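Engineer: sequence plus the predicted model coming up.
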Amino acid sequence: MNFALFSKLYPNLHLNLIPLKKLGVPSRVFNNWREKGLIDYEHTFSLHDKIHKVKRKNIRLNLHQAMWVLMIKELRALNLDLGTIKQINKQLFATLDPQEMVNHFKEQGLNTINELFPEGDRHYFSEFFNDASLFEKELLSQFKFNPNDFTLMASTIQQILLFGHSPFLILVKAPMSDTFMIDIYNPSFEYSISSEHKSNYAVEFVKGLSENSSLSIPLRPLFSSFLNDGELDKYSEDFGLLTKEEIQLLDIIKDGDFTKIIIHKSPNNTLTIEKNNQADFRGQKVRDLKKMLGLNEYSRVEVVHRNNDHLVVNNKTKYKIDLGKP
């Protein structure tokens, strides 16, 4: 996803759009989690609700909260205790100090961070990464505008959407210890930073795993469920995670009225989709078909004559989607 599109859709991720039931969590369980401090959630009551003294509403979550609910489900499936999950919640949703972030970026090297962006997007940031003071001013301004974007959870979703990275939650503890160290580990970031410092992050990471007990949750597959899960993909459209061209393509595929579909992408950035379907006609339907072919419009029909009582009809339909400038 390019930065221009990301900047446009990102505010949508804070909208409470996803019904809890679509995440497979009963409200009774969710309310228990909330009471135990595993998740921070409060109903939003409109003026209409207040006038009519509405006390309870269906639970709807924003993308950050929904992602966390899916993570809790994974952690509970691995029998992690509620106390540790509560600590993870605090760490993921704690507001980060923007000045510490600025210092961290300066320490790692702004040029190193710049390399993490796709080449086509670097022009959006070139002035910031070439001028540390300008970068600091911009970051602090964004924090003042919306501090909710400065959390570890928000950063994780940005890494997935903007960079296409695959971060994961990792819990590590020393043998015989009762305390976990909690972190979001991003191999792509670690590789870039270690290359700058001429170290081998993989060797160091594996060494740490070999000396400690650990548990990890991959986050990109969970986030992808908002695009691939039949119960959740509707909300990917509501959040703006899909372009109108992607939605158009998915609608064609979801229709399912084909035996074969072929997708071509031309040099001028246009998708051509060909759908083939087949119908088998016999008896009276063969005679009805003769009339139908003379009346209905079609892109291309291939009729195979088996005998006087049996025809096979192949119908091919072609679509084109202009993706705009490459």
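Structural biologist: Cool, the structure landed.

Engineer: strands of the stretch 151-300 of the chain, start to end?
Structural biologist: 168-173, 181-185, 213-218, 260-265, 270-282, 300-307 (DSSP state E, counting those that start in this stretch).

Engineer: so of those strands, which one's packed in deepest?
Structural biologist: Most buried of these, by mean neighbour count (mean count of other CB atoms under 10 Å): strand 168-173, with a mean of 18. No exception for glycine: its C-beta is placed from N, CA and C like everyone else's.

Engineer: direction included, what does it pair up with?
Structural biologist: If you go by DSSP bridges, strand 168-173 pairs up with strand 181-185 (antiparallel), strand 213-218 (antiparallel).

Engineer: ok, and what's touching stretch 57-67?
Structural biologist: Surrounding stretch 57-67, the residues in contact under the criterion CB atoms under 8 Å, 6 or more residues apart in numbering are 13-20, 23, 27, 30, 39, 41, 43, 45, 49, 69, 93, 151, 153-154, 157, 219, 222-223, 226, 239.

Engineer: filter those to the buried ones?
Structural biologist: With burial judged by 16 or more other CB atoms under 10 Å, the buried subset of the contacts of stretch 57-67 is 13-14, 16-18, 20, 23, 30, 39, 41, 69, 93, 151, 153-154, 157, 219, 222-223, 226, 239.

Engineer: in helices, which of these fall?
Structural biologist: Judged by DSSP state H, helices contain the following of those: F30, V69, F93, M153, A154, I157, L222, F223, F226, F239.

Engineer: nearest to H310, of these?
Structural biologist: Ranked by distance to H310 (CB to CB), those are led by F226 at 47.0 Å.

Engineer: grab the nearest non-local neighbour of the most centrally placed residue in the chain.
Structural biologist: Centroid-nearest residue in the chain: F223, 4.3 Å away (criterion: CA atoms, centre = their mean). Closest residue in space to F223, ignoring its immediate chain neighbours: I160 at 5.1 Å, by CB to CB, 6 or more residues apart in numbering.

Engineer: residues near that neighbour, how many?
Structural biologist: For I160, the neighbour count with other CB atoms under 10 Å is 19.

Engineer: do the same with the one 3 residues further on
Structural biologist: Other residues near F163 number 18, with proximity taken as other CB under 10 Å.

Engineer: please name the residues that touch the spatially closest residue to E190 that is not a sequence neighbour.
Structural biologist: With CB to CB, 6+ apart as the criterion, E190 has its nearest non-adjacent residue at 4.2 Å, and that residue is Y201. By CB under 8 Å, 6+ apart, the contact set of Y201 is P187, E190, Y191, I193, S194.

Engineer: looking at the residues you listed, which are in helices?
Structural biologist: P187, E190, Y191, I193, S194.

Engineer: which one among the residues you listed gets closest to Q99?
Structural biologist: Checking those against Q99 with CB to CB, the nearest one is I193 at 20.0 Å.

Engineer: low-confidence ranges in the stretch 101-250 of the chain?
Structural biologist: Residue ranges of the stretch 101-250 of the chain with pLDDT under 70: 101-102, 104-145, 192-193, 195-197, 229-231, 233, 243.

Engineer: for stretch 205-215, give me every contacting residue.
Structural biologist: With contacts defined as CB under 8 Å, 6+ apart, stretch 205-215 is touched by L78, L80, I170, L171, V172, K173, A174, P175, F180, Y185, E190.
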